[in-house]
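Asker: structure of the sequence below:
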Amino acid sequence: MTSLRFAVLPGSYAVARLPAGAEVPLASLVPPFSSVTRTPVELSVVCPETAAPAGARVETGWALLGLVGPFPFSMVGVLASVLQPLAAAGVSIFALSTFDTDYVLVKREKLDDALAALAAAGHVVVESPA
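Answerer: Numbers count the residues shown, from 1 in each chain. Sure, this is the predicted structure:
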């Protein structure tokens, strides 16, 4: 895998869990980033900490790294090339994918470790698009 470019998006993020049948908390879907995933067992929301849904189980303190895409669906190993150096550095992640690219959340206190590991793997930090 060649060197990838990624940006640290501004802000601090929350990952929230609601019951599977819960309504999507529209007030949580605010810029610069939000994501909703519904499965048969839960509704997960990623959003700025200040917009975390009330009544949800919430984990705060996440920094958000966005890979600069888009990447074709046929491209293999994009996320693995980022996750492997993070795992080797002991940085746990929460990953999300969109049509165009991938995002990785890391705990804010591990952000410097994550950036160092990614740089050592040949990846490059660019200015945030936000």
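Asker: how about low-confidence regions in this structure?
Answerer: Applying pLDDT under 70 to the chain flags the ranges 1, 70-77, 128-130.
Asker: what are the ranges of the strands in it?
Answerer: Using DSSP state E, the strands of the chain run over residues 5-18, 35-38, 43-48, 57-67, 93-97, 102-107, 124-126.
Asker: so for residue 116, which of these sits nearest?
Answerer: Proximity to residue 116 (Cβ to Cβ) singles out strand 124-126 among those, at 10.6 Å. C-betas here are computed from N, CA, C, even on glycine.
Asker: residue 43 and residue 68, how far apart?
Answerer: Separation of residue 43 from residue 68 (Cβ to Cβ, to the nearest Å) stands at 29 Å.
Asker: do residue 96 as well
Answerer: Taken as Cβ to Cβ, the span from residue 96 to residue 68 is 15 Å.
Asker: between those two, point out the one with more neighbours.
Answerer: residue 96 (19 against 14; other Cβ atoms under 10 Å).
Asker: need the strands of the chain in TSV with distance to residue 24, can you?
Answerer: TSV is the format used below for the strands of the chain (distance: least, Cβ to Cβ, whole Å):
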stretch	distance to residue 24
strand 5-18	9
strand 35-38	6
strand 43-48	7
strand 57-67	16
strand 93-97	16
strand 102-107	19
strand 124-126	31
